[in-house]
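[1] Model the structure of this input:
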Amino acid sequence: MNQKLIFLLVLTLALVLRFYKLGSYPVSLSWDEVAIGYNAYSIAKTGTDEYGAKWPILFKSFNDYKLPGYVYLDSFFVKIFGLSEFSVRAPSALFGVIAVFLVYFLTKEIFLKMGNRLDTFSLLPPIVTTLLSISPWHLQLSRAAFESNTSLTIVLGGLLLLFLGMRNKLAATLSIPTLALSIYFYYSPRVFVPLIVIFFLIIFKSEIARSFKYYLYGLVLSILILIPITIQILSPQGLKRVREVSIFEDKSLVVEYVEARAKTDNLLSVIFLNRRIPIVFETLSNYFSHFSFDFLFFGSDPNPRHRTSFHGSLYLFEIPLLIMGFWYLARKVPRSTKYFLIVWLLIAPIPAALSRETPHGLRSLLLLPPLLILVSLGASEAVKRWGRIKLVFGTVILVFFVNYLYSYYLLYPQKDSLPWAYGYKEMFKEVLGLESNFDRVIVTGSYWKPYIFYLFYNKIDPRFYQFQGSQQSIGKYRFGIAGWDSGGKDLDETSIDSLKSGKTLLVISPGEFQNIDTKERFKKLSTVSDYSGKQDVFLIGEWR
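    So this is what the prediction gives:
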């Protein structure tokens, strides 16, 4: 079959897989998705964030100071489609499709335009494109508002321009600025982009000689582009998020060493009880966890929003192909191409290694393209050596892919709806039908930040909220704050019994209900369960 036709078919498949029932699967918008969506809504309507800040470079949101790229991008979709689950996720889905498009041409540039033999690598672009289009890792992150996914696509575009720049002055000029733009979308490119550019210029120094000054022009332009975000990143607000996730701020890692050092004072303790040692070990452990079979093939990412519980980041059938790909890379791939892929592979997990909660599918997403290129090297070699296995190979891929779709659309929602904040939309729909009968509505903070779901699902005008609302109250609504939240306690099990009687509609968690001493005062009117219907999430009732 003609490669162009295959490419178009795969691109169509990627489009369908990323947009089919996009607003319904995953089964709910997460906290971050709702916050992104409402801030995009506020930008589209008022040019301010939810706090009233004009055209911010960092979005305060939950005091986590989100990067601006996705919010501003999403504001265009919200303007066109209105505030909805679809409009929040559509930018990520679209960029997921664009990534499939870009990886085809990037692979072509890396292998087919570098003086390599066309017949040797001709199968690579369509295989890589196909594997990325059905990748569990990429599909998972393309179907939700994950900034890392949009950032990956921009990085792929920048890398493509780097290679095109060897023979095109405009591409050389635009390549590094494009890579710099990815830093406005996610944190990982801060580490990855400078390193990959430096190594690219070193590895391909002879190939880029004629275009070198244009890369330098692009470097100057990228510095100008990054000035606004750099100022904000280095501000106390910008550094706050870094401190929250950085292993260098994790005091628990060094406590044991510091205490032991305090008890001994000699040269050996200075060497072996140095507080930097556990940080080095933790960094190395974090780094190598992203190459583990558990993470790559069995889904050991601790966050269920980053993967289904039934699949790893890669398919199991890719294991032998990945091994063959490494062998082929070592023996048959030209030196410069080989070095670039190895560098990409080694650099990609560094941002995740410097952070807590590893392995982490978002922070290490830049690892996916080189892994799939290696898998594709193995697949193309297998097809050429054993041409008769094409049908078997295709059947195996189809079986694994159908199994993934089954688990994603049928099993995953049943098992992991609560990590996606399922229940808030259903709860506020119930409350909206009851609120007219009550003077006040009190919503538990047990599941964290209920105010943002109220704003989103009721499409509250940002101007009204900015002038008359807060995270604690909007109109007749009062929102609790989880006891573990740094904001302190508001509505939780310690305060429900002390609520005064009156026309009060109370929304609480089952756990809070169990801790109420005067349960007879709560007249249950409705219950909201998780997606499976097996676990209650919210109890809605009148407090008498």
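
[2] moving C-terminal of the helix or strand bottoming out on mean pLDDT in the chain, what's the next helix or strand?
    Counting by mean pLDDT, DSSP states H and E, the chain has its least confident helix or strand at helix 267-272, which shows a mean of 53. Next helix or strand after helix 267-272 toward the C-terminus (DSSP states H and E): helix 276-289.

[3] That following helix - contacts with which helices or strands?
    For helix 276-289, the elements it packs on are helix 255-263, helix 350-353, judged by 3 or more C-beta pairs under 8 Å, 6 or more residues apart in numbering; DSSP states H and E. Any C-beta I mention is one placed from the backbone N, CA and C, and that applies to glycine too.

[4] Go through those helices and find the least confident stretch.
    Note on the helices and strands packed on helix 276-289: lowest mean pLDDT is at helix 255-263, with a mean of 55.

[5] Need the residue closest to the centroid of this protein.
    For the chain, Phe146 is the residue whose C-alpha lies nearest the centre (C-alpha atoms, centre = their mean; 3.7 Å).

[6] list the contacts for that residue?
    The contact partners of Phe146, taken as C-beta atoms under 8 Å, 6 or more residues apart in numbering, are Ser92, Leu362.

[7] Val507 versus that one, what's the distance?
    29 Å (C-beta to C-beta, to the nearest Å).

[8] One more: Lys54?
    For Lys54, the distance to Val507 equals 34 Å [C-beta to C-beta].

[9] Looking at these two, which is more packed in?
    Val507 (26 against 9; other C-beta atoms under 10 Å).

[10] Wait, a strand at that one?
    Yes. Secondary structure of Val507 (DSSP: H, G, I helix; E, B strand; the rest coil): part of a strand.

[11] for Leu506, what are its contacts?
    Leu506 touches Ile442, Ile496, Leu499, Phe522, Ile540, Gly541, Glu542, Trp543, counting by C-beta under 8 Å, 6+ apart.

[12] what's the answer for Phe538, then?
    Residues near Phe538 by C-beta under 8 Å, 6+ apart: Gly423, Met427, Thr444, Val507, Ile508, Ser509, Thr527, Val528.

[13] Drop anything exposed from these.
    Gly423, Met427, Thr444, Val507, Ile508, Ser509, Val528 (16 or more other C-beta atoms under 10 Å).

[14] got CSV for the contacts of Leu506, with pLDDT too?
    Formatted as CSV, the contacts of Leu506 follow (pLDDT from 0 to 100):
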residue, pLDDT
Ile442, 94
Ile496, 70
Leu499, 70
Phe522, 92
Ile540, 98
Gly541, 96
Glu542, 94
Trp543, 91
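
[15] In strands, which of those appear?
    Counting by DSSP state E, the part of these found in strands is Ile442, Phe522, Ile540, Gly541, Glu542, Trp543.

[16] Just name the closest of those residues to Ala379, please.
    Ile540 (53.2 Å; C-beta to C-beta).

[17] got the contact list for that closest one?
    Met427, Glu430, Val431, Leu434, Leu505, Leu506, Val507, Lys524, Leu525, Ser526, Thr527, Val528.

[18] One more: Val245?
    By C-beta under 8 Å, 6+ apart, the contact set of Val245 is Ser355, Arg356, Glu357.

[19] could you give the mean pLDDT of the longest helix along the chain?
    Criterion DSSP state H: the longest helix present in the chain is helix 85-112. In this model, helix 85-112 has a mean pLDDT of 96.
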